[in-house]
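A.B. asks: my questions concern the predicted model and sequence given below.
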Amino acid sequence: MLKKLIKISVKIVQRYLPEPFIFAILLTFIAFIVAMFVCKQSPIEVMDNWGNGVWSLLAFSMQMALVLVCGSTLADAPVIKKYLHHLSKLPKTPVAAISMVSLISALSCWINWGFGLIVSVVFAKSVARELKNVDYRILIASAYSGFVVWHAGLSGSIPLAMATEGDALRETTMNTVQNAVDISQTILALPNIIIVLLVIISLVIVNSLMHPKDNIVVIDPKLIEEKEQPQDIITTPAQKLEHSKIITWLISFLGFSFIIYKLFIQGVSLDLNYVILLFLFFGIILHKTPINYVNSFSKAANGAAGILLQFPFYAGIMGIMIGETNSISLAGEISRVCISISNEHTFPLLSFISAGIINVFVPSGGGQWAVQAPIMMPAGADLGVNSAITSMAIAWGDAWTNLIQPFWAIPALAIAKLGAKDIMGYCFINLLVTGIIIAFGLFVWSFI
């Protein structure tokens with residue numbers, strides 16, 4: 001049964017899923033038309049909302065590009081590649097390789113989504129070099145599948161926003177959450193930990209079962225080959241500076257001093273900016289010389305093209321989703337439909353589903369929170385639902401449909417040198433399995 005479902009899923013995706021940029025354009029048209037009918041907005045009003053949103057995520061798009069490039073460059077450091085090379089020799093069979101990649105992906109994404117998204121794919125490529133009879137498409141799909149747990153993990157933007165005291169929290173939740181909610185009630189709550197563990201176990205099992213016993217797609221060696229950088233001959237003062245380890249150590253000392261001061265002395269939270277800085281300075285110091293880092297960074301920068309191209313379009317879609325006419329927005333209407341059929345115990349489940357739908361159009365954790373929190377948090381409070389559960393339901397929904405939203409797969413695909421249609425058929429199976437687990441877990445959580 002599973003094999004047949006996988007075959008159908010892969011075939012449909014291969015035939016009908018367009019390139020991610022085309023997918024973003026199609027979503028734009030869908031959101032545009034639906035907003036006109038649902039929100040009773042004129043074409044001019046929808047166009048205005050779209051145009052006003054196009055450049056609203058510039059800072060975030062730069063962060064995403066740097067997460068990809070700095071993370072890839074760090075993973076390209078000789079010492080990291082050496083460690084991954086030794087680790088990749090452990091699995092001796094395709095099933096063991098798929099299981100190991102799935103587990104590492106999920107655990108690392110739970111710790112930090114930016115780190116996990118990059119390291120898991122780099123590790124998967126390293127495994128593919130060692131194990132020639134593993135299906136490369138499923139291996140990369142497994143490396144991406146662990147991303148589904150990120151928003152229930154230590155870098156989840158919604159639970160971290162809930163844990164941050166201040167006016168922003170009160171304003172976003174429409175004054176229904178007056179004080180910060182500690183992560184012990186969200187990320188580290190026992191029900192959430194159980195859901196995470198069940199999801200990880202399911203990914204390991206399902207991904208392993210998806211690997212075929214025969215008809216394995218032979219990988220093109222060019223996809224995983226590593227090109228050795230030629231050694232420079234140092235003859236000029238400028239080249240001596242480019243190869244200076246002293247410069248590397250000095251700038252790294254400055255960077256790490258700043259990070260330590262902010263995080264451990266001033267007590268600032270570890271947000272995405274600090275993760276990028278850690279990637280940046282660990283990468284610089286592990287590449288040993290400035291020119292080595294520049295060369296590796298330049299090579300990795302090609303992978304950021306998809307992010308830079310598509311983010312303005314998704315920002316525009318977000319503008320359509322949250323653009324209001326007579327206090328009616330498309331995202332608001334999707335949320336209100338779920339609210340209208342909810343009670344105390346079904347509300348987290350329906351919040352999860354609505355968040356999953358909205359995430360297809362607004363694939364951003366911060367954007368998701370900005371869109372849904374002002375509607376779902378007050379509604380949950382009126383029904384007597386714990387604010388921690390409501391926020392985690394939104395967080396899980398945001399992460400869940402990333403499995404079929406090719407936008408977040410762009411960094412992984414850029415490193416793997418595959419297309420979205422190569423892995424999304426397998427990710428769809430993960431979507432079905434994890435969706436059942438998460439939905440049931442949230443429903444049970446509402447009784448606790």
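C.D. replies: That came through fine.

A.B. asks: for Met174, phi and psi?
C.D. replies: Note on Met174: its backbone torsions stand at phi 60, psi 40 [degrees, to the nearest 10].

A.B. asks: ok, and the closest non-adjacent residue to it?
C.D. replies: For Met174, the nearest residue in space outside its immediate sequence neighbours is Pro378; the separation is 4.8 Å by C-beta to C-beta, 6 or more residues apart in numbering. Just so you know, the C-beta spots here come from the backbone N, C-alpha and C atoms, and that holds for glycine as well.

A.B. asks: isn't that neighbour up against Thr173?
C.D. replies: Yes - with contact defined as C-beta atoms under 8 Å, Pro378 and Thr173 form a contacting pair (7.3 Å).

A.B. asks: show me where pLDDT drops low in the stretch 251-400 of the chain?
C.D. replies: Across the stretch 251-400 of the chain, the stretches falling below the confidence threshold (pLDDT under 70) are 270-272.

A.B. asks: would you map the strands across it?
C.D. replies: Per DSSP state E, counting those that start in this stretch, the stretch 251-400 of the chain carries no strands over any range.

A.B. asks: in it, which spans are helices?
C.D. replies: Taking DSSP state H, counting those that start in this stretch as the test, the helices found in the stretch 251-400 of the chain are 272-287, 290-301, 305-322, 330-340, 347-361, 365-383, 387-400.

A.B. asks: let's have those helices in a markdown table, adding distance to Leu103.
C.D. replies: Formatted as a markdown table, the entries for those read as follows, by distance: least, C-beta to C-beta, whole Å:
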| stretch | distance to Leu103 |
| --- | --- |
| helix 272-287 | 22 |
| helix 290-301 | 25 |
| helix 305-322 | 27 |
| helix 330-340 | 33 |
| helix 347-361 | 24 |
| helix 365-383 | 23 |
| helix 387-400 | 17 |
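
A.B. asks: out of these, which one sits most buried?
C.D. replies: With neighbours defined by mean count of other C-beta atoms under 10 Å, none of the helices of the stretch 251-400 of the chain is more surrounded on average than helix 387-400, at a mean of 28.

A.B. asks: put the alpha carbons of the next helix or strand after it into CSV.
C.D. replies: Of the helices and strands lying after helix 387-400 in sequence (DSSP states H and E), the nearest is helix 410-416. This file holds the C-alpha atoms of helix 410-416, laid out as CSV (Å, rounded to 0.1, in the frame of the first residue of the first chain):
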residue,chain,number,x,y,z
ILE,A,410,15.5,25.9,-2.0
PRO,A,411,18.7,26.0,0.2
ALA,A,412,18.7,22.2,0.4
LEU,A,413,18.1,21.7,-3.3
ALA,A,414,20.8,24.3,-4.2
ILE,A,415,23.4,22.3,-2.2
ALA,A,416,22.1,18.9,-3.5
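
A.B. asks: by contact count, what packs against the helix or strand just after helix 410-416?
C.D. replies: Beyond helix 410-416 in the direction of the C-terminus, DSSP H and E gives the next helix or strand as helix 420-445. Applying 3 or more C-beta pairs under 8 Å, 6 or more residues apart in numbering; DSSP states H and E, one finds that helix 420-445 makes contact with helix 2-16, helix 136-145, helix 190-210, helix 347-361, helix 387-400, helix 410-416.

A.B. asks: any idea which of those helices gets closest to Ile438?
C.D. replies: Each of those was scored for nearness to Ile438 using C-beta to C-beta, and the closest is helix 387-400 (5.1 Å).

A.B. asks: show me what the closest one is packed against.
C.D. replies: Using 3+ C-beta pairs under 8 Å, 6+ apart as the contact criterion, the secondary-structure elements in contact with helix 387-400 are helix 157-162, helix 347-361, helix 365-383, helix 420-445.

A.B. asks: rewinding a little: of all the helices and strands packed on helix 420-445, which lies closest to Arg129?
C.D. replies: Comparing those by their distance to Arg129 (C-beta to C-beta), the top pick is helix 136-145, with 10.4 Å.

A.B. asks: hmm, who's touching the closest one?
C.D. replies: Counting contacts by C-beta atoms under 8 Å, 6 or more residues apart in numbering, the residues outside helix 136-145 that touch it are 97-98, 101-102, 105-106, 117, 120-121, 123-124, 127-128, 203, 207, 210-211, 217, 219, 223-224, 403, 409, 412-413, 416, 418, 422-424, 426-427, 430.

A.B. asks: any of the residues you listed buried? List them.
C.D. replies: Among the contacts of helix 136-145, those classed as buried by 16 or more other C-beta atoms under 10 Å are 97-98, 101-102, 105-106, 117, 120-121, 123-124, 127-128, 203, 207, 210-211, 219, 224, 403, 409, 412-413, 416, 418, 422-424, 426-427, 430.

A.B. asks: who are the neighbours in contact with the residue lying closest to Ile448 once chain neighbours are set aside?
C.D. replies: Distance criterion C-beta to C-beta, 6+ apart; nearest residue to Ile448, sequence neighbours excluded, is Pro191 at 6.0 Å. Taking C-beta under 8 Å, 6+ apart as the contact definition, Pro191 lies against Gly441, Val444, Trp445, Ile448.

A.B. asks: nearest to Gly53 among the helices and strands packed on helix 420-445 would be which one?
C.D. replies: When these are ranked by distance to Gly53, counting by C-beta to C-beta, first place goes to helix 347-361 at 11.4 Å.

A.B. asks: kindly export the closest one (C-alpha atoms) in CSV.
C.D. replies: Presented in CSV, the C-alpha positions along helix 347-361 are these (Å, rounded to 0.1, in the frame of the first residue of the first chain):
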residue,chain,number,x,y,z
PHE,A,347,-9.5,24.7,18.4
PRO,A,348,-5.8,23.8,18.6
LEU,A,349,-6.4,21.2,15.8
LEU,A,350,-8.2,23.7,13.6
SER,A,351,-5.6,26.4,14.4
PHE,A,352,-2.9,23.9,13.2
ILE,A,353,-4.8,23.2,9.9
SER,A,354,-5.5,26.9,9.2
ALA,A,355,-1.8,27.7,9.9
GLY,A,356,-0.8,25.0,7.5
ILE,A,357,-3.0,26.5,4.8
ILE,A,358,-1.7,30.0,5.3
ASN,A,359,1.9,28.8,5.4
VAL,A,360,1.6,27.7,1.8
PHE,A,361,1.1,31.3,0.9
